[in-house]
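Colleague: fold the following.
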Amino acid sequence: MGDLFRQLLGWISTNPEWAYLVVFSVAFAESVAVVGMIVPGVMIMIGAGALIATGDLAFWPTTGAAVIGAISGDSLSYWIGRRYRDHIRSRWPFNRYPKQLDQGVAFFQKHGAKSVVFGRFFGPVRAIIPLVAGMLQMPRWRFAASNVSSALAWAPAYLAPGIVFGASLKLAAEAAARLVILLVVFVGLIWLAAWLARRLFFLITPHVSAWVQALLGWANLHPTLGRIAQALADRDHPDAATLAGLAAALAAATAVFGVTVSAGLFGAQDLSINQIALDLGQSLHTPLGNQVMTALSRLGEPAITVPMLVAILVFLFASRQRRALEYWLAALGFILLVNPVLGWLIRTPRPDIGLNLDWPWSFPSAQVLNATVLYGFLALSLSRTLPSSWRWAPHAGAAMLVMAVASARLYFGTEWLTDILGSIALGLAWTAALGLALYRHTDEPEQGAGLTLVTVVATGVAFTAASLAQQQTDLARYTPVRSSQMISDADWRSRTAAPVARQRKDLWRRNTRPFDIQYAGGLDILATALAGQGWQAAEMLDWSNAIKLLSPSLGLNALPVVPHVHDGHHDDLTLVKDLADGRRLVLRLWATNCRVDESVPLWTGDVTELSKDNVVDLLALPLTKPARGLGNLTLRTDLERAPTISVSPGEPILLAPAGSGLLPPDAVSLPPPPSGHRAGAGLPDDREPALP
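Modeller: Numbering: from 1, shown residues only. Got it, this is the predicted structure:
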């Protein structure tokens, strides 16, 4: 897919006239009566805006094509309406579907000439208003003025979201493309959960009564299971023990499902789908993603669920809803019993990625099971108080919360995918049993609003307090602990034994950012040595200085540097040097899990160049490009003048504090730079300096 997209962009770059023709055609077709109802003009205009942001299309030609197309399409519709007038109602499709035309007439009669301007921005009547204006004999000059003025505003307005989106993608790709993908995947999963909950609710609800009657009929043939069916369907049934029997049956059935699907014959770790899900989650790690997913995982943990449960139980006790209180206690008891018992019986180990978690088993996932049972049963309780047309809403909300918790667990790799699915199935089974019994055994509650308020307040307060108090502690729990690897200084100098990354870990595995610098020592020593040669700590992009990106007039040296991500972590050291010709170099180093000579930390990174990318003279993006050897040459030359740092010739460049004994004393003896080059002056882009 990535290659296909790049080929498409390449074709557009070499044939922009065809892209402008497409923009003109779409704007024209969207403004023509009837045709405009089916043309996806908005999406195509947004796509064109994104191409403007990437530089594959020019802003003014694209805007001009859209304006001319919109004016031409509206003019054609106006001419058709003025030419055929009352005969239009007898023509297809308006003779079969008159609603759209009636809406356009009503809109025009309400707003008059302004409807031509307003109508262009409103989907239901956009393609009808010019036709109606012609039918009702709007003066030509007034229509032309409204048509042209609205088109001049419409084209930039519809291109702007695409431009912003394209610029955001460029900025995200500079920082971490995986963050954008994580956001898209997560939002898609949350939306899918809500959509499925709503669809399933309307699909299943009409058949619940028939299923209960089928259970009663089954009771005549199966005495043991019949007792359970009677308990579920008869509110006066005396045998309360049947609920416990149902819980045991559901737990056993789901345990079999978990063993069959999760473990398989060779264990959960040997299932391809589990490995794929684990690799995907690990590949999407970013510092911001870690923070967000840590908070979402907390929605299924005791820090949130216990205060929520206490508030609900106190409210039900105070409002004397004894039967509902008993079912909530049954939900709580199921969680307290099933999590440890099934975990100990099945003993599915967690993914071995170095997480320091107290409970060693992957199935069931306590957080996912807690969220499924508690939020699911809360949805069942609240939906009873709502009108039938809105009873799906609590179920959709619960599905979104469960999906958020499950996504966070997959992201961190705390459990296998099949174990998470099995935990959801187990929780849904018990929630369904409790819900069916609740609906048959209790009267309609009278205080749904009170239960909602108590739950929202308790959950919100608990979530806020837990986030403030233990966010960093929880984040540390989900950070893999990797044991340090020790190498000798001789092995490090050989450049073959150091187990460090040789390129930045790219989501697409293209390996386009090689790491050609390794430094053994304290970062403060290196930063101090380079400070005298013009290297300064970079101003990193954050929320406080992001407004500078909206100032294209700022020079490159005034723009903040976008932090990069490698292996889920931001760069630990970022230094910049502004060259005499206006170019800017960036030195980035990341920590490794390797130590030289048992105690010296080892860092790896590279030197790249920044360039300022102006997007339609509205945004200024500092983007990274390879330094073409200039970066390493400048760094070598500057370090040669800094006697506190030793530099070893060869690639990758090895750096260490002078006198540390990690590099030989003659390591700083470098050949002089190429003739005519002075440190920091820069070289033409088409010249490759001769490196030692």
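Colleague: how near is Gly450 to Thr385?
Modeller: 10 Å (C-beta to C-beta, to the nearest Å). Glycine gets a C-beta too; all of them are placed from N, C-alpha and C.
Colleague: neighbour-wise, which of those two wins?
Modeller: Thr385 (18 against 15; other C-beta atoms under 10 Å).
Colleague: what about the more buried one, which helix or strand?
Modeller: Assigned by DSSP states H and E, Thr385 falls within no helix or strand.
Colleague: what distance separates the lengthiest helix in the chain from the centre of its chain?
Modeller: Determined from DSSP state H, the single longest helix within the chain is helix 140-175. Centre-to-centre, helix 140-175 and its host chain are 26 Å apart (C-alpha atoms, centre = their mean, to the nearest Å).
Colleague: which strands and helices sit next to it?
Modeller: Counting contacts by 3 or more C-beta pairs under 8 Å, 6 or more residues apart in numbering; DSSP states H and E, helix 140-175 packs against helix 41-53, helix 59-84, helix 114-119, helix 129-135, helix 177-204, strand 600-615, strand 619-626.
Colleague: what's the burial count for Gly522?
Modeller: 14.
Colleague: can you pull the contacts of it?
Modeller: Residues in contact with Gly522, defined by C-beta atoms under 8 Å, 6 or more residues apart in numbering, are Pro601, Pro657.
Colleague: any idea how far Arg583 is from it?
Modeller: Distance of Gly522 to Arg583, computed by C-beta to C-beta: 29 Å.
Colleague: thinking Pro61 is in contact with Tyr20, fair?
Modeller: Yes - in this structure, Pro61 is within contact of Tyr20 by C-beta atoms under 8 Å, at 5.5 Å.
Colleague: more neighbours, these two?
Modeller: A count of neighbours by other C-beta under 10 Å puts Tyr20 above the other of Pro61 and Tyr20, at 19 against 15.
Colleague: so that one, which state does it fall into?
Modeller: helix (DSSP: H, G, I helix; E, B strand; the rest coil).
Colleague: leaving out sequence neighbours, find the closest residue to it.
Modeller: Nearest residue to Tyr20, sequence neighbours excluded (C-beta to C-beta, 6 or more residues apart in numbering): Ala65, at 4.5 Å.
Colleague: what's the distance between that neighbour and Trp18?
Modeller: From Ala65 to Trp18 the distance is 11 Å (C-beta to C-beta).
Colleague: the more surrounded of the two?
Modeller: The residue with more neighbours, out of Ala65 and Trp18, is Ala65; 24 against 11, by other C-beta under 10 Å.
Colleague: please identify the buried residues of stretch 651-665?
Modeller: Buried residues in stretch 651-665, counting neighbours by 16 or more other C-beta atoms under 10 Å, are found at Pro652, Ile653, Leu654, Leu655, Ala656, Pro657, Ala658, Ser660, Leu662, Leu663.
Colleague: could you do stretch 623-635 as well?
Modeller: Quick answer for stretch 623-635 (16+ other C-beta under 10 Å): Thr624, Ala627, Arg628, Gly629, Leu630, Gly631, Asn632, Leu633, Thr634, Leu635.
Colleague: next one: stretch 557-575
Modeller: 557, 559-566, 568-571, 573-575.
Colleague: now do the SS call for Lys577.
Modeller: Secondary structure, three-state DSSP: Lys577 is strand.
Colleague: quick one, what contacts it?
Modeller: Lys577 is in contact with Leu530, Gln533, Gly534, Trp535, Gln536, Arg584, Leu585, Leu587, Thr634, Asp638, Gly680, counting by C-beta under 8 Å, 6+ apart.
Colleague: where's it relative to His564, distance?
Modeller: Taking C-beta to C-beta, one finds Lys577 at 17 Å from His564.
Colleague: helix, strand or coil for Leu355?
Modeller: Per three-state DSSP, Leu355 ends up coil.
Colleague: do the same with Gln137
Modeller: Assignment for Gln137 (three-state DSSP): coil.
Colleague: picking that back up, can you read off the pLDDT for the residue nearest to Tyr20?
Modeller: pLDDT for Ala65: 88.
Colleague: equivalent analysis for Gly49, please.
Modeller: 79.
Colleague: give me the below-cutoff pLDDT ranges for the stretch 1-150 of the chain.
Modeller: 1-16, 33-41, 54, 86-104, 106-107, 109-113, 119, 122-127 (pLDDT under 70).
Colleague: contact partners for Pro560?
Modeller: Pro560 makes contacts with Ala538, Glu539, Met540, Leu541, Asp542, Asn545, Ala546, Lys548, Leu549, Pro622, as judged by C-beta under 8 Å, 6+ apart.
Colleague: rerun that using 6 Å as the cut-off
Modeller: Neighbouring residues of Pro560 by C-beta atoms under 6 Å, 6 or more residues apart in numbering: Glu539, Leu541, Asn545.
Colleague: and Met486, how many neighbours?
Modeller: By other C-beta under 10 Å, neighbour count at Met486 equals 12.
Colleague: oh, that last question was meant for Arg198, not what I typed.
Modeller: By other C-beta under 10 Å, neighbour count at Arg198 equals 15.
Colleague: what's the neighbour count on Asn614?
Modeller: Neighbourhood size, Asn614 [other C-beta under 10 Å]: 12.
Colleague: which residue sits closest to it, ignoring its sequence neighbours?
Modeller: Pro552 (4.9 Å).
Colleague: the one you found: neighbour count?
Modeller: Neighbours around Pro552, by other C-beta under 10 Å: 16.
Colleague: now the end-to-end length of stretch 47-62.
Modeller: Terminal residues of stretch 47-62 lie 11 Å apart, using C-alpha to C-alpha, to the nearest Å.
Colleague: report how many residues lie close to the residue lying closest to Gln137 once chain neighbours are set aside.
Modeller: Excluding its sequence neighbours, the residue lying closest to Gln137 (C-beta to C-beta, 6+ apart) is Arg82, at 6.9 Å. Per other C-beta under 10 Å, the neighbour tally for Arg82 reads 18.
Colleague: can I assume Arg82 is in contact with Ala133?
Modeller: No - at 8.3 Å, Arg82 and Ala133 do not qualify as touching, with contact defined as C-beta atoms under 6 Å.
Colleague: out of the contacts of Lys577, which are buried?
Modeller: Applying a neighbour-count criterion of 16+ other C-beta under 10 Å, the buried members of these are Leu530, Gln533, Gly534, Trp535, Arg584, Leu585, Leu587, Thr634, Asp638, Gly680.
Colleague: for the residue lying closest to the third one once chain neighbours are set aside, name its beta-bridge partners.
Modeller: Taking C-beta to C-beta, 6+ apart as the measure, Gly534 lies nearest to Lys577, with 5.0 Å between them; neighbours along the chain are not counted. Listed by DSSP bridges, the beta-bridge partners for Lys577 are Leu585.
Colleague: Lys577 and Gln533, how far apart?
Modeller: As judged by C-beta to C-beta, Lys577 and Gln533 stand 8 Å apart.
Colleague: where along the stretch 251-400 of the chain do the helices fall?
Modeller: 272-283, 287-297, 302-318, 322-346, 366-383, 392-412 (DSSP state H, counting those that start in this stretch).
Colleague: tabulate the ones you listed (JSON lines), appending mean neighbour count.
Modeller: JSON lines is the format used below for the helices of the stretch 251-400 of the chain (neighbours: other C-beta atoms under 10 Å):
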{"stretch": "helix 272-283", "mean neighbour count": "16"}
{"stretch": "helix 287-297", "mean neighbour count": "19"}
{"stretch": "helix 302-318", "mean neighbour count": "18"}
{"stretch": "helix 322-346", "mean neighbour count": "17"}
{"stretch": "helix 366-383", "mean neighbour count": "25"}
{"stretch": "helix 392-412", "mean neighbour count": "23"}
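Colleague: out of those, flag the one nearest Ala29.
Modeller: Proximity to Ala29 (C-beta to C-beta) singles out helix 392-412 among those, at 36.2 Å.
Colleague: from the contact counts, what lies against that closest one?
Modeller: helix 177-204, helix 272-283, helix 287-297, helix 366-383 (3 or more C-beta pairs under 6 Å, 6 or more residues apart in numbering; DSSP states H and E).
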